[in-house]
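Novice: here is my input; please provide its structure:
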Amino acid sequence: RSVEAATKYFLTQAAASALVLFSSMTNAWHTGQWDITQLTHPTSSLILTSAIAMKLGLVPFHFWFPEVLQGSPLTTGLLLSTVMKLPPITLLFMTSPSLNPTLLTCMAVLSTALGGWMGLNQTQIRKILAFSSISHLGWMAIIIAYNPKLTLLNFYLYTLMTTAVFLALNTIKTHNLSTLMTTWTKIPSLNAMLFLTLLSL
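Specialist: Numbering: from 1, shown residues only. Sure thing, here's the model as predicted:
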């Protein structure tokens, strides 16, 4: 299962990187400008917006993320949800003036809504965290149009909360909600902290 998750992650990120290069090439073809932070051609802007959305896992390019997180160990899941989100968030921050604002806002609103709604129907904790991540990234994509620095603050807070949840789950050694309820008597303080952090996500 972990091999399948790794393959899905690799293929998705490779396709998104190819789209970033393609958007730069399309812009250079029409305007002579290679810099992706200064895209002026509308088609290039649409392609770059879609590529960054695919890298982040925004709706409708979110299908890979819950599956990859479910098939990964908790430590790998922690890295995928936090550290591996930093490069695309940085790219989003740097290229925000070049992106298509209408498309980005639509995908962000859908991500926020769908992430919260789909997370309610899950019993596997890693899938809940995956949909929580999609929802949070939707909020970040909405905020970036108004205040890019606030997006980075949001990302730092999200990273802090997600790290706390993953480390607590790794200590308790549980993967679904039913077994989490039975561990309450063993480590009550850690479980209380975990539930409070899950509520904040």
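Novice: please make it C-alpha for all contacts and neighbour counts, starting now.
Specialist: OK.
Novice: what's around the spatially closest residue to residue 134 that is not a sequence neighbour, how many residues?
Specialist: Closest residue to residue 134 apart from its sequence neighbours, by C-alpha to C-alpha, 6 or more residues apart in numbering: residue 115 at 5.4 Å. By the criterion of other C-alpha atoms under 10 Å, residue 115 has 25 neighbours.
Novice: what does whichever helix or strand residue 115 is part of contact?
Specialist: Per DSSP states H and E, residue 115 falls inside helix 101-119. Outside of helix 101-119, the residues that reach it under the criterion C-alpha atoms under 8 Å, 6 or more residues apart in numbering are 46, 49, 53, 58-60, 127-129, 131-142, 145.
Novice: and stretch 62-73, by the same measure?
Specialist: 1-2, 4-6, 8-9, 12, 54, 57, 77, 80, 126-127, 130-131, 134.
Novice: got the buried residues for that stretch?
Specialist: Neighbour-count burial for stretch 62-73, counted by 16 or more other C-alpha atoms under 10 Å, picks out 62, 65-72.
Novice: I'd like to know which of those are part of helices.
Specialist: 65-70 (DSSP state H).
Novice: of the contacts of stretch 62-73, buried ones?
Specialist: Neighbour-count burial (16+ other C-alpha under 10 Å) is assigned, among these, to 5, 8-9, 12, 54, 57, 77, 80, 126-127, 130-131, 134.
Novice: once you drop chain neighbours, what's closest to residue 61?
Specialist: Computed as C-alpha to C-alpha, 6+ apart, the closest residue to residue 61 that is not its neighbour in sequence is residue 54, at 5.1 Å.
Novice: so what pLDDT did that neighbour get?
Specialist: We have a pLDDT of 95 for residue 54.
Novice: again with residue 176
Specialist: At residue 176 the predicted local confidence, pLDDT, stands at 79.
Novice: so can I have TSV of the buried ones among the contacts of stretch 62-73 showing distance to residue 157 and secondary structure?
Specialist: As requested, the buried ones among the contacts of stretch 62-73 are exported to TSV (distance: C-alpha to C-alpha, whole Å; DSSP: H, G, I helix; E, B strand; the rest coil):
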residue	distance to residue 157	secondary structure
5	26	helix
8	27	helix
9	24	helix
12	26	helix
54	22	helix
57	19	coil
77	17	helix
80	16	helix
126	19	helix
127	20	helix
130	16	helix
131	17	helix
134	15	helix
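Novice: nearest to residue 180, of those residues?
Specialist: For the buried ones among the contacts of stretch 62-73, the residue nearest residue 180 by C-alpha to C-alpha is residue 126; the value is 12.4 Å.
Novice: go ahead and confirm that closest one touches residue 177.
Specialist: No - checked against C-alpha atoms under 8 Å, the pair residue 126 and residue 177 is beyond contact range at 10.0 Å.
Novice: no more questions from me, cheers.
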